[in-house]
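# Quick one, fold the following:
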Amino acid sequence: MSANENEKRLLRNLQSLPSSCMRGAVAIGNFDGVHCGHQHLIERLIAAARRSVGPAVVLTFDPSPLSLLRPEIAPPKLTTIERRAELLRRLGVDWVIAYPTQMSTLQLSPEDFFTKTLVDGLQAKAIVEGANFFFGKDRQGTVDTLRSLVSLHQMTLDVVEMRQTESQIVSSSRIREMLQRGDVAGANRCLTAPYSIEGRVVVGAQRGRDLGFPTANLSEIETLIPGSGVYAAVAETEGKLYPTAVHIGPNPTYGENQLKVEAHLIGFRGDLYRSKLRVEFRQRIREVRRFENVEELRDQLQRDIARAAEISRL
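Numbering: from 1, shown residues only. Modelled structure (predicted):
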């Protein structure tokens with residue numbers, strides 16, 4: 001799917017909706033990360049859309065309601081809105097609406113929110129939600145509220161139980177915990193696509209180049225950065241993929257404490273400065289540690305790159 005096609009199917013409001021976006025099945029939620037639990041719900045959404053002979057529509061929020069209501073406890077994002085829409089479209093969703101979250105919207109009663117978005121806005125025929133769905137002011141609306149409202153408007157409702165893996169509920173918060181401790185492989189087992197970050201390449205200290213392993217230093221990263229460590233990954237730039245070794249964390253060998261994200265694209269030749277780079281993580285190779293001298297560091301980097309190439313072979 002091209003970036004242009006994805007952007008055409010990502011809407012930013014409920015005004016002047018195309019007719020092909022209306023009178024179908026709708027799921028409302030953050031869908032951050034687009035994990036396996038979301039995939040299960042999306043499968044049910046698509047089935048409901050087929051029964052209603054209409055589109056499968058996801059209504060998400062930008063920014064998340066919690067970032068307005070309680071910014072001090074709002075968790076870091078797993079996906080940008082654009083990436084979220086891309087992953088949802090891959091699962092078969094026809095339209096993604098990134099609802100512009102405002103305090104006025106969050107103050108709507110469950111009944112008013114339902115009427116504004118699902119009845120007047122999308123003219124929905126079917127609703128598909130998780131069993132733990134809440135909506136409206138102070139999260140007063142529950143699945144039972146939804147059942148009552150749906151029956152008043154001749155819609156159907158499908159309530160989807162949360163999916164488990166390895167005897168635990170799949171959730172965005174659980175995935176964040178895995179990523180923060182560096183368990184990208186475990187997080188990937190819960191996701192529908194390998195976890196990735198995207199940033200802009202900026203000038204660094206260029207020590208990697210001096211060591212013989214030039215790195216792209218990433219800045220402007222909007223989503224959660226995995227815990228410190230060296231990782232095997234795959235990087236994408238200008239439509240091409242490269243096996244990659246990624247160092248996340250400080251550089252204790254040089255007495256630095258600042259967290260950095262540095263990616264060495266194996267086999268790449270060229271200048272990445274100021275370009276956008278997406279890095280998909282595969283596995284954590286080792287922890288960050290201090291080396292006694294540059295020679296010891298260079299030898300370890302050679303081993304890291306060989307291991308990353310083996311894990312991320314394309």
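# What are the boundaries of the strands in this structure?
All strands of the chain, identified by DSSP state E, fall at 10-11, 25-28, 56-62, 95-100, 126-130, 156-160, 164-165, 168-169, 196-202, 216-219, 229-237, 240-249, 260-265, 276-286.
# quick one, which of these is packed in tightest?
Comparing the strands of the chain by mean neighbour count (mean count of other C-beta atoms under 10 Å), strand 25-28 ranks first with a mean of 28. Glycine gets a C-beta too; all of them are placed from N, C-alpha and C.
# which neighbours does that strand have in its sheet, and in what orientation?
In the sheet, strand 25-28 lines up against strand 56-62 (parallel), strand 126-130 (parallel) (DSSP bridges).
# Same list (the ones you listed) but as JSON lines, adding mean pLDDT and distance to Val279.
Compiled in JSON lines, the strands paired with strand 25-28 are given as follows (pLDDT from 0 to 100; distance: least, C-beta to C-beta, whole Å):
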{"stretch": "strand 56-62", "mean pLDDT": "96", "distance to Val279": "23"}
{"stretch": "strand 126-130", "mean pLDDT": "97", "distance to Val279": "30"}
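# okay if I get these as TSV plus distance to Thr223?
Output for those, formatted as TSV (distance: least, C-beta to C-beta, whole Å):
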stretch	distance to Thr223
strand 56-62	14
strand 126-130	22
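# Which among those is found nearest to Arg50?
Among those, the nearest to Arg50 by C-beta to C-beta is strand 56-62 (8.4 Å).
# gap between the closest one and the chain center?
14 Å (C-alpha atoms, centre = their mean, to the nearest Å).
# got the angle for it vs strand 95-100?
Strand 56-62 and strand 95-100 are oriented at 20 degrees to each other (axes from the mean of the first three to the mean of the last three C-alpha atoms, to 10 degrees).
# residues making contact with strand 56-62?
Applying C-beta atoms under 8 Å, 6 or more residues apart in numbering, the set of residues contacting strand 56-62 from outside is 12, 21, 24-31, 42, 45-46, 48-49, 81, 84, 88, 92-101, 117, 122, 124.
# show me what contacts the residue nearest to Val230 when sequence neighbours are not counted?
Closest residue in space to Val230, ignoring its immediate chain neighbours: Ile285 at 4.7 Å, by C-beta to C-beta, 6 or more residues apart in numbering. By C-beta under 8 Å, 6+ apart, the residues touching Ile285 are 229-232, 245, 304, 307-308, 311.
# Distance to Pro252 and pLDDT for these - can I get that in CSV?
Shown next, in CSV, are the contacts of Ile285 (distance: C-beta to C-beta, whole Å; pLDDT from 0 to 100):
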residue, distance to Pro252, pLDDT
Gly229, 13, 98
Val230, 13, 98
Tyr231, 17, 98
Ala232, 21, 98
Ala245, 18, 97
Asp304, 15, 96
Arg307, 20, 97
Ala308, 20, 98
Ile311, 24, 97
